[in-house]
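**Student:** One predicted model, sequence on top.
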Amino acid sequence: MSQLPDITTSEYLSALIAQLGKLDGLNNQTVSRIRPYHCIQFLFKNIQPKKNQDHIHQLEYDFVNDVASALLNAGRIESQPRLQPRAGQVQSIQRMVFRHGDTILVAWTGYGKTIVLQPVSVIMYGRVTIQLCPLKRLGQDQFDTIARIPGACPLLIDGETKKDEAMWLI
């Protein structure tokens, strides 16, 4: 397995991001012989704003776009076209992940609001993501989708959830 460098350049980060964007899901694949989750954590750590780096905003955008694209294409059959996230989805993810400000995404049914939270949970591994969902069936579907992401520990709470301290233990 390849090792990630201690010192990176924008060009190296861009090349890793481009490879990440070609993945169909994040399981059973590698980026430069590195597991995708390690690559994502490496990129997240190294794409942090630094002085005099105007290009960093584009790196952030490309990074979250390609993570979302990999998740959208999980299980894609080779003959199917690749799915791409919408610009509004990518901008919402970017705002949350890189802390550019509070984010409220209001969009029509079928817009793809769920895909906004999946990359946030993957990129910000180990942090809590809260999603409010007024519809029980939709909440269950989203829970099931997020549960398939390796390392994700979703918790669905609805009106029928019984108070049980065991549900809070991971």
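**Tutor:** Noted; the coordinates are in hand.
**Student:** CA only for contacts and neighbour counts going forward, please
**Tutor:** Noted.
**Student:** Could you list the low-confidence segments of this structure?
**Tutor:** Counting by pLDDT under 70, the ranges of the chain that qualify are 1-2, 49-55, 150-151, 165-170.
**Student:** list the contacts for the residue minimising distance to the centre of it?
**Tutor:** Centroid-nearest residue in the chain, with C-alpha atoms, centre = their mean: Pro119, separated by 1.2 Å. Contacts for Pro119 (C-alpha atoms under 8 Å, 6 or more residues apart in numbering) come out as 64, 67-68, 71, 93.
**Student:** Okay, and it sits in which element?
**Tutor:** Here Pro119, judged by DSSP states H and E, is contained in helix 114-123.
**Student:** That helix: what's the following helix or strand?
**Tutor:** For helix 114-123, the following helix or strand on the C-terminal side (DSSP H and E) is helix 136-147.
**Student:** contacts for that next one?
**Tutor:** With contacts defined as C-alpha under 8 Å, 6+ apart, helix 136-147 is touched by 114, 118, 133, 152-156, 158.
**Student:** now, among the residues you listed, which is nearest to Ala87?
**Tutor:** Thr114 (14.4 Å; C-alpha to C-alpha).
**Student:** about what we covered before: now the contacts of helix 136-147: which count as buried?
**Tutor:** Neighbour-count burial (16 or more other C-alpha atoms under 10 Å) applied to these gives 114, 118, 154, 156.
**Student:** Same list (these) but as CSV, adding distance to His57.
**Tutor:** Formatted as CSV, the buried ones among the contacts of helix 136-147 follow (distance: C-alpha to C-alpha, whole Å):
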residue, distance to His57
Thr114, 23
Gln118, 21
Pro154, 30
Leu156, 34
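**Student:** Return the closest of the residues you listed with respect to Ser10.
**Tutor:** Nearest to Ser10 out of these is Gln118 (C-alpha to C-alpha; 25.5 Å).
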